[in-house]
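Trainee: Predicted model and sequence below, questions to follow.
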Amino acid sequence: MVKRVVSGARYGVRDWLLQRVTAGVMALYTLFLGVFFLTQPLSFEGWSTLFHSLPLRLASLLFLFSLFLHAWVGMRNIFMDYIHPTALRLALHVAVILALVAYAAWAVQILWSVQ
């Protein structure tokens with residue numbers, strides 16, 4: 001009889017679903033921008049007008065937060081699988097979290113500073 005080792009974390013299904021949902025959000029946003037670039041002439045005025053609209057700013061923010069969540073789940077899983085010393089794994093987790101929070105704050109600043 002084979003004994004299965006069960007961990008208490010239960011990240012599997014939640015991580016799988018989160019990766020799929022965030023990938024879907026990123027794919028839809030990328031598809032929208034791709035269609036925009038193919039149908040509109042590329043100019044500063046067009047780009048500026050596009051990013052002055054609140055719906056696109058919110059969609060861009062949703063895309064970026066989806067990207068950050070997607071990156072967090074991926075990096076956390078890599079660290080849990082391949083970094084065995086607990087202190088090093090914790091330090092890497094903290095470094096990634098701090099970087100992603102800083103990137104999120106920077107993204108908000110950029111998106112809301114568009115004039």
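Mentor: It's in.

Trainee: So what touches the helix or strand of the chain with the lowest mean pLDDT?
Mentor: Ranked by mean pLDDT, DSSP states H and E, the weakest helix or strand in the chain is helix 44-52, scoring a mean of 84. Applying CB atoms under 8 Å, 6 or more residues apart in numbering, the external contacts of helix 44-52 come out as Phe36, Gln40, Leu56, Arg57, Ser60, Leu111, Val114. Yep, even glycine has a C-beta here, placed from its N, CA and C like the rest.

Trainee: Same question for stretch 59-66.
Mentor: Against stretch 59-66 from outside (CB under 8 Å, 6+ apart): Val21, Thr22, Val25, Met26, Tyr29, Phe32, Phe51, Tyr103, Ala104, Ala107, Val108, Leu111.

Trainee: Pull out the buried residues from that stretch.
Mentor: Ala59, Ser60, Phe63, Leu64, Phe65, Ser66 (16 or more other CB atoms under 10 Å).

Trainee: what about the residue nearest to the spatial centre of the chain, helix or strand, and which?
Mentor: Residue closest to the average C-alpha location in the chain (CA atoms, centre = their mean): Leu67, at 1.4 Å. Using DSSP states H and E, Leu67 sits in helix 54-82.
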